[in-house]
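sequence and predicted model, in that order:
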Amino acid sequence: MHHLMRRLTGGLAIYAIMAVSGVAALAADVPTVPPADGPVPTASSWSFRFVPYGWVIAMDGTQTVRGRSVSVDASFIDILEKSDSLLALMGTFEARRGPLAFYSDVVWTKIGVESSNVRNRAPAPGVAGELGTSVSLDIEMAIVEGGVAYEVARSGGLALDVLGGARYWHQEAAVSSEISASVDVGDLELSGSRAFARSGSVDWIDPVIGARVRHEVAPGHELFLRGDIGGFGVGSDFSWQAVGGYGFEFGTYQGVTFSGVLGYRALSVDYSEGQGPERYEFDMLQHGTILGISARF
């Protein structure tokens, strides 16, 4: 099932890229530009948009920490029910002047996934004996993206932006397993009846390119579709992202226009470094619903 999900969401990213003239890239995660039929700010004025949002994350893929690999297949409900900690901080900001915009997006999350959704894939190097079947994974992760967007076409209710920038990843991960009395855990850390493989701090930067399409279906109501690709062996081997959704204005207060955002986001990355007991790999699809409130001024 998880392979089918990766293929379907990967196909969505490719479709998004083709739909916006073959340049691919998604950079921000919620609509951060004026409606397609709305007035574009003049060359002498700036507009700003800040969007705190939530991402209901599910995870599907492989995590390797110090040579120990596990498969992860966890829905948001699985993570919510089983995680000892579930924290997140997410938001995006864009400053626009005419067709030119500068954007940034931040995701920080700390989650845990328990044994029913984590399966051993490879034994830990240097371990003699059998580790238990109770496996868990804890990840603290930050994703920070910044770049430039430029509106290259506008026709009726449709507008097209091309984007380029960089996505910075920071991770700290730990895989733990129950141990028996006779097991030799090698260089794994011990805590009570569990053995831990901890990654320490892992960081990399992916260049990204892409595009987004906006369509105003009615005044104050907008559909959006975005896609990006990145990595190219500079940071990760390859990454892609696709976001689609709906934005709707619901009021203005003291010159600030507020909008709601409902959509779906999929972000996949394949990163690895090191060999043997020093190997770290994060080959993971993260996907789920996004919910946000936009403030434009």
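Alright, I've got the coordinates. Numbering: from 1, shown residues only.

quick one: the strands in the stretch 151-297 of the chain?
For the stretch 151-297 of the chain, applying DSSP state E, counting those that start in this stretch gives strands covering 158-179, 189-191, 194-198, 202-218, 221-230, 238-253, 256-273, 280-296.

helices or strands up against the fourth one?
Think strand 202-218. In this structure, strand 202-218 packs against helix 2-19, strand 131-155, strand 158-179, strand 221-230, strand 238-253, strand 256-273, with contacts taken as 3 or more CB pairs under 8 Å, 6 or more residues apart in numbering; DSSP states H and E. Quick note: C-beta positions are derived from backbone N, CA and C, even for glycine.

mind putting the ones you listed into TSV with mean neighbour count?
Converted to TSV, the helices and strands packed on strand 202-218 look like this (neighbours: other CB atoms under 10 Å):
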stretch	mean neighbour count
helix 2-19	16
strand 131-155	18
strand 158-179	21
strand 221-230	24
strand 238-253	18
strand 256-273	18
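
tabulate the ones you listed in CSV, adding columns for mean pLDDT.
Listed next are these as CSV, based on pLDDT from 0 to 100:
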stretch, mean pLDDT
helix 2-19, 44
strand 131-155, 85
strand 158-179, 88
strand 221-230, 94
strand 238-253, 93
strand 256-273, 94
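
got a list of what residue 297 touches?
When contacts are counted by CB atoms under 8 Å, 6 or more residues apart in numbering, residue 297 touches 47, 48, 49, 255, 256, 257.

most widely separated two among these?
Farthest-apart pair in these is 49 and 255; separation 13.3 Å (CB to CB).

ok, these two, which is more surrounded?
residue 49 (23 against 7; other CB atoms under 10 Å).

in the sheet, who's paired with the more buried one?
On the basis of DSSP bridges, residue 49 is bridged to residue 94, residue 296.

thought residue 89 was touching residue 140?
No. With contacts counted by CB atoms under 8 Å, residue 89 stays clear of residue 140, the gap being 11.7 Å.

got any residues that touch both of those two?
Common neighbours of residue 89 and residue 140 (CB under 8 Å, 6+ apart) are residue 109.

which residues touch residue 108?
Residue 108 neighbours (CB under 8 Å, 6+ apart): 87, 88, 89, 90, 141, 142, 143.

looking at these, which is nearest residue 69?
Of the contacts of residue 108, the one sitting nearest to residue 69 (CB to CB) turns out to be residue 141, at 17.9 Å.

so who does that closest one touch?
107, 108, 109, 110, 169, 170, 171, 172.

go again using 6 Å as the cut-off
Applying CB atoms under 6 Å, 6 or more residues apart in numbering to residue 141 gives the contacts 109, 171.

and the gap between it and residue 202?
10 Å (CB to CB, to the nearest Å).

just residue 112 next, same as before
Relative to residue 202, and taking CB to CB, residue 112 is found at 18 Å.

kindly report the same for residue 291.
Here residue 291 is placed at a distance of 29 Å from residue 202 (CB to CB).

now do the shared contacts for residue 141 and residue 202.
Jointly contacting residue 141 and residue 202 under the rule CB under 6 Å, 6+ apart are residue 171.

which two from the contacts of residue 108 end up farthest apart in space?
Checking the contacts of residue 108 with CB to CB, the most distant pair is 87 and 143, at 14.5 Å.

re earlier: just curious, which of the contacts of residue 108 is nearest to residue 63?
residue 141 (11.0 Å).

bridged to residue 107, which residues?
residue 90, residue 143.

how many neighbours does it have?
The number of residues packed near residue 107 is 23, by other CB under 10 Å.

cool, residue 75 as well?
For residue 75, using other CB under 10 Å, the count is 15.

do the same with residue 156
Residues near residue 156, counting by other CB under 10 Å, number 9.

out of the strands of the stretch 151-297 of the chain, which comes closest to residue 95?
That would be, of the strands of the stretch 151-297 of the chain and by CB to CB, strand 280-296, which comes in at 11.2 Å.
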